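1. Following is a predicted model, sequence given first.
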Amino acid sequence: MSKEPLETMPDVMDAKQLAEVLRISKAGAYNLLNSPDFPTLRIGGRKLVMKQDLLDWLRSHTNRKE
């Protein structure tokens, strides 16, 4: 990935792209895509995630001290 991963990531990602963006294994990306609370987009038999939905999901799952 380049220096600006958020700007250069595709608007819709498959498991391989999701793994690259989050720097996790492809198996880990598939686990996320199959999680009930993870925002997926189904096209045919493929599970994808939209960039904005991923960013929103990450924000909602971030532990913050308040």
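-> All right, it came through fine.
2. drop to CA atoms for contacts and neighbour counts, all remaining ones
-> Will do.
3. okay, and the helix or strand of this structure with the least pLDDT?
-> Each helix and strand of the chain was given a mean pLDDT (mean pLDDT, DSSP states H and E); the minimum falls on helix 5-8 at a mean of 75.
4. Only alpha carbons, please: show it as CSV.
-> Extracted as CSV, the C-alpha positions of helix 5-8 are listed here (Å, rounded to 0.1, in the frame of the first residue of the first chain):
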residue,chain,number,x,y,z
PRO,A,5,-4.0,4.1,2.1
LEU,A,6,-7.4,5.7,2.9
GLU,A,7,-7.4,7.9,-0.2
THR,A,8,-6.1,5.2,-2.5
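5. C-terminal to it, which secondary structure element comes first?
-> The helix or strand immediately downstream of helix 5-8 is strand 12-13, counting by DSSP states H and E.
6. pretty sure residue 36 belongs to a strand, no?
-> No - counting by DSSP: H, G, I helix; E, B strand; the rest coil, residue 36 is not part of a strand but coil.
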